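Engineer: predicted model and sequence below, questions to follow.
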Amino acid sequence: MVSISESVEKIISRSRYLSEAISKGIINFSALARYIKPEIEEMTHKKVSEAALVMALNRLSNNIKPNYKSNEIFETPPDMMVRSNLAELTVANSTTMNEKYPLLLKLIDTQGKNFLTITEGVYESTIIANRDLKDEVVKILEGEIIVAEFNSLSSITIRLPKPSVHTPGIFYFFIKSLAWEGINIIEIVSAHLELTLIFDEKDVNKAFSILQSLFSPQV
């Protein structure tokens with residue numbers, strides 16, 4: 001039979017949000033005990049008191065290490081680039097899409113003034129580009145099934161250091177801070193050492209401030 005301590009540890013370990021909140025001492029154990037009590041009772045097949053759960057959480061908290069801080073990965077704050085006036089089109093994959101990718105890539109100018117990314121999934125492909133290019137993109141995609149469309153987007157591109165490639169949770173480091181502040185991320189695009197987050201235009205300024213704050217002296 002699974003013990004109370006083992007059940008509590010299993011629930012907490014599968015949630016990065018709870019693990020981090022416990023490591024930082026910003027969660028009420030009594031409230032958390034009430035929240036996980038039904039699942040603990042199901043796992044242990046017996047009635048469990050909230051006091052026993054609080055005790056188990058207290059013991060567990062001593063063994064949870066805080067997530068890495070920014071200065072452990074970033075020697076200096078990373079470069080962040082904001083782009084606005086973006087549009088996004090998602091189309092269903094088809095046998096004709098392969099012919100259209102080269103035409104889409106030709107829209108990128110050599111000076112890098114135009115922003116365009118193409119992500120091909122199993123069932124869908126997403127194109128994100130400057131809004132000025134939208135009409136040309138739509139023309140190229142003529143005959144394809146458009147699944148989704150957004151017209152007022154902005155992006156933040158974060159330049160990552162080389163060690164980040166082998167660092168578990170590096171994307172989570174950025175994304176959880178935005179989630180806690182209620183900022184919605186519409187798309188995530190990554191390259192080897194770049195992370196690009198796509199937002200609704202109304203959210204990008206707040207998102208940028210939050211991301212900058214991760215590298216303030218107190219973090």
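Structural biologist: Now that the structure is in, tell me what you want to look at.

Engineer: what residues sit buried inside the host helix or strand of residue 11?
Structural biologist: Taking DSSP states H and E as the criterion, the element that holds residue 11 is helix 4-13. Burial within helix 4-13, assessed by neighbour count using 16 or more other C-beta atoms under 10 Å, is assigned to 4, 7, 8, 9, 11, 12. To be clear about C-beta, it is placed using only N, CA and C from the backbone, and glycine gets the same treatment.

Engineer: so what touches the helix or strand just after it?
Structural biologist: Where DSSP H and E defines the elements, the next helix or strand beyond helix 4-13 is helix 16-23. For helix 16-23, contacts defined as C-beta atoms under 8 Å, 6 or more residues apart in numbering pick out 11-13, 27, 32, 57, 60-61, 64-67, 169, 172, 176.

Engineer: with stretch 128-135 instead?
Structural biologist: Contact partners of stretch 128-135, identified using C-beta under 8 Å, 6+ apart, comprise 85-89, 107, 114-117, 137, 151, 153, 155, 187, 189, 198.

Engineer: hmm, which of these are the buried ones?
Structural biologist: Neighbour-count burial (16+ other C-beta under 10 Å) applied to those gives 86-89, 107, 115-117, 137, 153, 155, 187, 189, 198.

Engineer: make a markdown table from those and add distance to residue 40 to it.
Structural biologist: Shown next, in a markdown table, are the buried ones among the contacts of stretch 128-135 (distance: C-beta to C-beta, whole Å):
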| residue | distance to residue 40 |
| --- | --- |
| 86 | 46 |
| 87 | 48 |
| 88 | 42 |
| 89 | 46 |
| 107 | 55 |
| 115 | 49 |
| 116 | 50 |
| 117 | 44 |
| 137 | 52 |
| 153 | 42 |
| 155 | 42 |
| 187 | 37 |
| 189 | 39 |
| 198 | 39 |
